[in-house]
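Student: No sequence on hand, only this structure:
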């Protein structure tokens, strides 16, 4: 896999992890009869920040791989 493919893969992983956080919070609160912004915020906090951390790390890795691929192409053309 080249650097562009790896970068796009990391960006997809980042999006998946971010979506998983909100889906997990919704599944956690699926038995709640009334929905409120405060209740949903509490459910998101109960999921934790681990998915956010890994999502940000995957986003940074994806951006770095894409930048490295672009730099490599510019060096080949010059």
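Tutor: Noted; the coordinates are in hand. Everything numeric in this text was worked out from a predicted model, so none of it was measured. Residues are numbered from 1 along each chain as shown.
Student: can you give me the helices in this protein?
Tutor: Assigned by DSSP state H, the chain shows helices spanning 3-28, 37-47, 50-77.
Student: Just send those helices back as CSV, with mean neighbour count and mean pLDDT too.
Tutor: To be clear about C-beta, it is placed using only N, CA and C from the backbone, and glycine gets the same treatment. Shown next, in CSV, are the helices of the chain (neighbours: other C-beta atoms under 10 Å; pLDDT from 0 to 100):
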stretch, mean neighbour count, mean pLDDT
helix 3-28, 16, 94
helix 37-47, 13, 88
helix 50-77, 14, 95
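Student: OK, contacts around residue 64?
Tutor: residue 7 (C-beta atoms under 8 Å, 6 or more residues apart in numbering).
Student: The residue positioned nearest the centre of the chain and residue 50: what is the separation?
Tutor: The chain has residue 14 as the residue nearest its centroid, 2.4 Å off, counting by C-alpha atoms, centre = their mean. As for residue 14, its distance to residue 50 is 14 Å (criterion: C-beta to C-beta, to the nearest Å).
Student: swap in residue 11?
Tutor: 19 Å.
Student: Residue 10 is in contact with residue 54, isn't it?
Tutor: No - assessed by C-beta atoms under 8 Å, residue 10 is found out of contact with residue 54, at 10.9 Å.
Student: just to revisit the earlier point, separation between the residue nearest to the centre of the chain and residue 23?
Tutor: Distance from residue 14 to residue 23, by C-beta to C-beta: 15 Å.
Student: next one: residue 55
Tutor: Applying C-beta to C-beta to residue 55 and residue 23 gives a distance of 13 Å.
Student: And residue 65, by the same measure?
Tutor: For residue 65, the distance to residue 23 equals 26 Å [C-beta to C-beta].
Student: mind listing what the nearest residue to residue 44 once chain neighbours are set aside touches?
Tutor: Leaving aside its sequence neighbours, residue 44 sits nearest to residue 25 (C-beta to C-beta, 6 or more residues apart in numbering; 4.6 Å). By C-beta under 8 Å, 6+ apart, the residues touching residue 25 are 40, 43-44, 46-47.
Student: what does residue 58 give?
Tutor: Counting by C-beta under 8 Å, 6+ apart, residue 58 touches 10-11, 13-14, 17.
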